[in-house]
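[1] Here is the input, now give the coordinates:
(chains A, B and C)
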Amino acid sequence: MAGRRVIPGFGLSLGFTLFYLGLLVLLPLAALVVKASSLGFAGFAQVLGSPQVQAALRVSFVSAAIAALGNGLFGLLLAWVLVRYRFIGRRAIDALVDLPFALPTAVAGIALATLYAPQGWIGQWFARADIQIAYTRAGIVVALTFVGLPFVVRTLQPVLLDLDAEVEQAARSLGASRWQTFSRVILPALVPALITGMTLAFARAAGEYGSVVFIAGNMPGQTEIAPLVIMTRLEQFDYAGATAVGAAMLAVSLLLLLAVNLLQAWTRRKLGGA
Amino acid sequence: MSIEVTGVSRLYGAHRALDNVSLTVQDGELLALLGPSGSGKTTLLRVMAGLEQADAGSVNFFGQDARQQSLRQRNVGFVFQHYALFRHMTVFENVAFGLRVKPRRDRPPRREITRRVQELLGLVQLDGLAQRHPSQLSGGQRQRVALARALAIRPRVLLLDEPFGALDAQVRRELRQWLRKLHDDIGLTSVFVTHDQEEALELADRVAVVHRGRIEQIGTPQEVYHRPQTPFVVSFLGSVNLFHGRIEQGRPVLHDNDGRPTTRIFVRPHDFEVSSQHGPDSVPAILELANTAGPLARLQLRDTKGRAIAVELSLERFRVMRLARGDQLYLTPTQAQVFAT
Amino acid sequence: MQGLATNHGSAGRVLDPGGGFVRRGLIGLALCFVALFLVLPLVAVFHGAFEKGWRLYLAAIAQPEALAAVKLTLLATAIALPLNLLFGLAAGWAITKFRFRGKNLLVALIDLPFSVSPVIAGLIFVLLFGMQGWFGPWLADHDLRVVFAVPGIVLATVFVTLPMVARALIPLMQDQGHDDELAALSLGASGLQTFWRVTLPNIKWGLLHGVILASARAMGEFGAVSVLSGHIAGRTNTLPLHVEALYNEYQFAAAFAVASLLALFALVTLALKSWVEYRTEGKAS
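    Numbering: from 1, shown residues only, chains lettered A, B, ... in the order given. Sure, this is the predicted structure:
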């Protein structure tokens, strides 16, 4: 609320911010946009129309969607337990939730690949039931679930903390059962945050590379993810192909980001009006 | 003239927080800016301090155009509503801050700083608490640290934003008297913002009543209370009953049932003569409720048109009259404020 | 915060009288999930690292290529971190202390690098600085290399960690408002004095939080760096790239040995992060 000139440093701080962002974010992204538009519709259609690229996009987005759903479920469970219950080790677990953020994706990738390989600690149990996880799409989903977990937990936690305990007490005093209180009073209040968290997890998972390449089989058309397609095209110096796939993925992520922002604005308005 | 505000306006988007306000603060006075929340009183104070820029108009600071001066040059002691104490500093460091950040040539030597801070802490009665952090203090103590911090730079004026707003009633009253005494002792020109009319009337030399970005009236507490110039001032300074009536032969007549043009007549609850006998210009009303738990008997009556009227009587008079619920009474205003409709 | 916590403790009790079956079931389920999904991969890393014994472990870490990778990783972090720290402070100051048009757009732009796939982050710098890129010919003329060289790795690291400090600071500084700064200025402090003596101490924990997260991400970045690195062992491999190289050469024990360094660092990050959060919660109550 202070006037423009009361606190010093406006020009300097905003100037540096814009310069830095422009140089490191806008200029490079502009390069992508310009390159992509130089391909023309035909160029795009040619790259994106190839069965291999389509399959890769499908694998990435479908696996990311399944992983986001899993994250929604487990994220809700973890956030609930961490906020509502006091038990030994709660703080440690709370800290561990961020492990997928902190652990380099390559490390996560080789660890998961080793665990879920047919002779790995977890994989061997599935192997007995003749189910293979590593090097299949199931493996991709496992890695993406790992990567996206913190998003849902971290968006849900503050909302759960903020929930007015009296509202629940009111529901209970009005005769609602424990399950009714949860499903009719608590869950509806959590839905916007849950969707936000799942969308963020989805966006991250769709673009994820490091933790997936080791556990995915990388079989073109079957277990090859879209970022890997970009990677291989770049290695073959096929910049047009890499750009087309990259631009398509970026467009989807930006749309998702926009959706999340709109959802959050809508929630704020709704709650503000209540 | 310490501060002269001339034609100042301040806009927040489409909202006019200050609308062509002019105001002069006299040397050595304690001036209250009184108004409801959102009236613009805090904005006015912040514009005076230089915490905010006016969109139009000028602020003159001891004969200098304040627009040319940055906040740090104005030498204003400002006490924030929530104190804005520096959390990571002790009480001592907070008070010493303004002395330590002075350019080297103006900065007092270390021993002098210590002496001044201790003197100020003595003044605000916090001698033993120099090494505490703000989080270890009560609200009233924080308030006094903020005051000592503002005084440390020997400001030309002291500006206080809702100085007692965040305190509970008991501490509020004590601090209020203490602040008045402090002002009398050091004689520093001071302006404070409040929404509490009792506080403004009790504490200030002059009161400026602010409403919708304008100053409705400015004057001594006696003036604004007894000779309010606008309907808003009457209704904001204490409770009041509104009648539509006329002035006949210099006396207010509270009837409006004969279709002739009327004016608005405001009568304070304690400005009624209450009688069980019909008088020449009296208003009949039925006693509905009487609350005697206090220094005065507070009555609620209803006139023949079903409008509620609040009346205050001395407890003694209330007992003598032996009033009871349902009694028919007659009210004659002894004093009233009249405004054309 | 403590008030909040007790509040919710009691809310939990209301929902769950006698602390019974549901509570234990949910906690149990959550613990199983955490054990299986978060703890086990960590255990696998350290198990893999020491499977072939201490000697091999030390040898893997002491390899010249590994040491070079450590050096390069630290170099990239040491460049990216201060730059993004400066950026975070400037952005936080501009966004939280002033009102201006387009602020929301600016905040969204700052977040942009988070929503870009790491591989795309690499790609855009290839498009700028690669041989066919905008500046490629100019760089070639002047005998400068960005792509497949150290500058590219540094750029990628700066890009992926760009929002982290700013994001840690902006909500915190927004909450704190600017009364403290105004108070300091009204007491005669200069802009710089206000920043050093008042603002910085107020945000130091948030700053630390951002720095911890940014350095973890900077050291662990894989996708973007992988695009821009030439994968030359001992020259353009960061630690995560070195892990990949070893793994792909079936030197699993060595790969896990190097990975264990990164995992250890991740654990330290988490511990520091929760310590910082614990400190700030304590301060707030």
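
[2] Counting neighbours, what do you get for B:Arg227?
    By other CB atoms under 10 Å in any protein chain shown, the residues close to B:Arg227 number 12. Just so you know, the C-beta spots here come from the backbone N, C-alpha and C atoms, and that holds for glycine as well.

[3] Look up how far C:His242 lies from whatever residue of the stretch 1-150 of chain A ends up closest to chain C.
    As assessed by CB to the nearest CB, chain C sits closest to A:Pro104 within the stretch 1-150 of chain A, at 2.9 Å. Distance, A:Pro104 to C:His242, using CB to CB, to the nearest Å: 11 Å.

[4] With A:Arg90 instead?
    From A:Arg90 to C:His242 the distance is 36 Å (CB to CB).

[5] same deal with A:Leu39?
    To C:His242, A:Leu39 is 35 Å away according to CB to CB.

[6] Tell me which of those two has more neighbours.
    C:His242 (29 against 18).

[7] For that one, list the residues it contacts.
    Shown in contact with C:His242 (CB atoms under 8 Å, 6 or more residues apart in numbering or on different chains): C:Glu65, C:Ala66, C:Ala69, C:Ala233, C:Val258.

[8] so is the fourth one in a helix, a strand, or just coil?
    When you say that, I think you mean C:Ala233. Here C:Ala233 is recorded as coil under DSSP: H, G, I helix; E, B strand; the rest coil.

[9] isn't it right next to C:Glu244, touching?
    No - judged on CB atoms under 8 Å, C:Ala233 makes no contact with C:Glu244 at a distance of 11.0 Å.

[10] So which of those two has more stuff around it?
    Just comparing C:Ala233 and C:Glu244: by other CB under 10 Å the higher neighbour count belongs to C:Glu244, 25 against 17.

[11] How about the contacts made by the more buried one?
    C:Glu244 touches A:Ala106, A:Ile110, C:Phe222, C:Ser226, C:Ala255, counting by CB under 8 Å, 6+ apart.

[12] so how far is the helix or strand hosting it off the chain centroid?
    Element membership for C:Glu244, per DSSP states H and E: helix C:239-248. Put simply, helix C:239-248 sits 20 Å off its chain's centre (CA atoms, centre = their mean, to the nearest Å).

[13] can you give me the helices in the stretch 1-150 of chain C?
    Secondary structure of the stretch 1-150 of chain C by DSSP state H, counting those that start in this stretch: the helices cover C:2-15, C:21-34, C:40-50, C:53-62, C:64-97, C:103-111, C:118-129, C:136-141, C:150-176.

[14] okay, the ones you listed in TSV with mean pLDDT next?
    What follows is the helices of the stretch 1-150 of chain C, written out as TSV (pLDDT from 0 to 100):
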stretch	mean pLDDT
helix C:2-15	38
helix C:21-34	92
helix C:40-50	95
helix C:53-62	92
helix C:64-97	96
helix C:103-111	91
helix C:118-129	94
helix C:136-141	90
helix C:150-176	94
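
[15] Kindly reformat those helices as a markdown table containing mean neighbour count.
    Converted to a markdown table, the helices of the stretch 1-150 of chain C look like this (neighbours: other CB atoms under 10 Å in any protein chain shown):
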| stretch | mean neighbour count |
| --- | --- |
| helix C:2-15 | 15 |
| helix C:21-34 | 15 |
| helix C:40-50 | 20 |
| helix C:53-62 | 14 |
| helix C:64-97 | 20 |
| helix C:103-111 | 15 |
| helix C:118-129 | 28 |
| helix C:136-141 | 13 |
| helix C:150-176 | 23 |
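
[16] Please name whichever of those helices is nearest to chain B.
    The closest of these to chain B is helix C:150-176. By CB to the nearest CB, the value is 9.5 Å.

[17] give the contact list for A:Pro104.
    A:Gly210, C:Met219, C:Gly220, C:Glu221, C:Phe222, C:Leu239, C:Pro240, C:Val243, C:Ala259, C:Leu262, C:Ala266.

[18] In stretch B:61-77, which residues are buried?
    Across stretch B:61-77, burial judged by 16 or more other CB atoms under 10 Å in any protein chain shown covers B:Phe61, B:Ala66, B:Leu71, B:Arg72, B:Arg74, B:Asn75, B:Val76, B:Gly77.

[19] Hmm, C:Ala184 and the third one touching each other?
    Put plainly, it is B:Leu71. No - in this structure B:Leu71 lies outside contact range of C:Ala184 using CB under 8 Å: 9.5 Å.

[20] Tell me both backbone torsions, phi and psi, for the residue in the stretch 1-150 of chain C that chain A sits nearest to.
    Here the residue of the stretch 1-150 of chain C nearest chain A is C:Ser117; by CB to the nearest CB that distance is 2.6 Å. Main-chain torsions, C:Ser117, degrees, to the nearest 10: phi -60, psi 140.

[21] I figured it hits A:Leu228, correct?
    No - the criterion here is CB under 8 Å, and C:Ser117 misses it with A:Leu228 at 10.9 Å.

[22] what's the closest non-adjacent residue to the residue sitting nearest the centre point of chain A?
    Nearest residue to the geometric centre of chain A (CA atoms, centre = their mean): A:Ala201, 1.9 Å. Nearest residue to A:Ala201, sequence neighbours excluded (CB to CB, 6 or more residues apart in numbering or on different chains): A:Gly148, at 3.1 Å.

[23] on contacts alone, who are the packing partners of the helix or strand where the one you found lies?
    Per DSSP H and E, A:Gly148 falls inside helix A:137-162. Counting contacts by 3 or more CB pairs under 8 Å, 6 or more residues apart in numbering or on different chains; DSSP states H and E, helix A:137-162 packs against helix A:51-84, helix A:99-102, helix A:105-116, helix A:187-207, helix A:210-213.

[24] again, only using 10 Å
    helix A:51-84, helix A:90-96, helix A:99-102, helix A:105-116, helix A:187-207, helix A:210-213, helix A:239-273, helix C:2-15 (3 or more CB pairs under 10 Å, 6 or more residues apart in numbering or on different chains; DSSP states H and E).

[25] Going by neighbour count, which residues in that helix are buried?
    Quick answer for helix A:137-162 (16+ other CB under 10 Å): A:137-157, A:159-161.

[26] What's the mean pLDDT across that helix?
    Per-residue pLDDT over helix A:137-162 has a mean of 94.

[27] got it, and stretch B:184-202?
    92.

[28] thinking again about what came up before, and the contacts of C:Glu244, which is closest to chain B?
    For the contacts of C:Glu244, the nearest to chain B is C:Phe222 (38.6 Å; CB to the nearest CB).

[29] quick one: buried residues of stretch A:222-229?
    For stretch A:222-229, by 16+ other CB under 10 Å, it's A:Thr223, A:Glu224, A:Ile225, A:Ala226, A:Pro227, A:Leu228, A:Val229.
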